[in-house]
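> Quick check, what structure comes out for this input:
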Amino acid sequence: MSLLEVEALHAGYGPVTVLRDVSIRLDRGEVLGVLGVNGSGKSTLMRTLAGLIAPTSGRIRFDGTDVTGCSAAKRVRQGIALVPEGRLLFPDLSVHDHLWLGGYPARLAGRALARRIDELVALFPVLAAVAMRSPAC
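Numbering: from 1, shown residues only. Here you go, the predicted structure:
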């Protein structure tokens, strides 16, 4: 069973179709890169997979479950998330606040979240130096 299966996906914005008949199969452990010029549909594909755009036709299965009609919130709980490109997504939060916010999809809180943040700081020691730094103005 594939981790991600996309079959004959069509999606877009209002009357404008951006994705036409997109099919993808991704097995566990595989990595997929999506390349293309500006306006070729990369972001539309990612937003559709994450549940931010409803497809006009086609199917999306994740880990054997049809998620085509699921909300973005439900997809996050199942393990599908979109991490937007760019900085300053939440410009008023410190690095520590961003790490704390990252515990939400894993439903971590309290000591479990503190342990996870400690594990991340151990993996990426530079985080310790900037974790409590206030955001730049």
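> Give me the longest helix you can find in this structure.
helix 110-123 (DSSP state H).
> Which elements pack onto that one?
Here helix 110-123 touches helix 95-102, helix 126-130, going by 3 or more C-beta pairs under 8 Å, 6 or more residues apart in numbering; DSSP states H and E. C-beta here means a position set from N, CA and C on the backbone, and glycine is covered the same way.
> Now distance to L32, mean pLDDT and mean neighbour count too, for those, in CSV please.
Output for those, formatted as CSV (distance: least, C-beta to C-beta, whole Å; pLDDT from 0 to 100; neighbours: other C-beta atoms under 10 Å):
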stretch, distance to L32, mean pLDDT, mean neighbour count
helix 95-102, 23, 76, 15
helix 126-130, 28, 78, 12
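> Would you format those helices as JSON lines with distance to D66 included?
Listed next are the helices and strands packed on helix 110-123 as JSON lines, based on distance: least, C-beta to C-beta, whole Å:
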{"stretch": "helix 95-102", "distance to D66": "27"}
{"stretch": "helix 126-130", "distance to D66": "38"}
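> Helix or strand for A8, just tell me which one.
Following DSSP states H and E, one finds A8 within strand 4-13.
> what's the answer for G29, then?
According to DSSP H and E, G29 maps onto no helix or strand at all.
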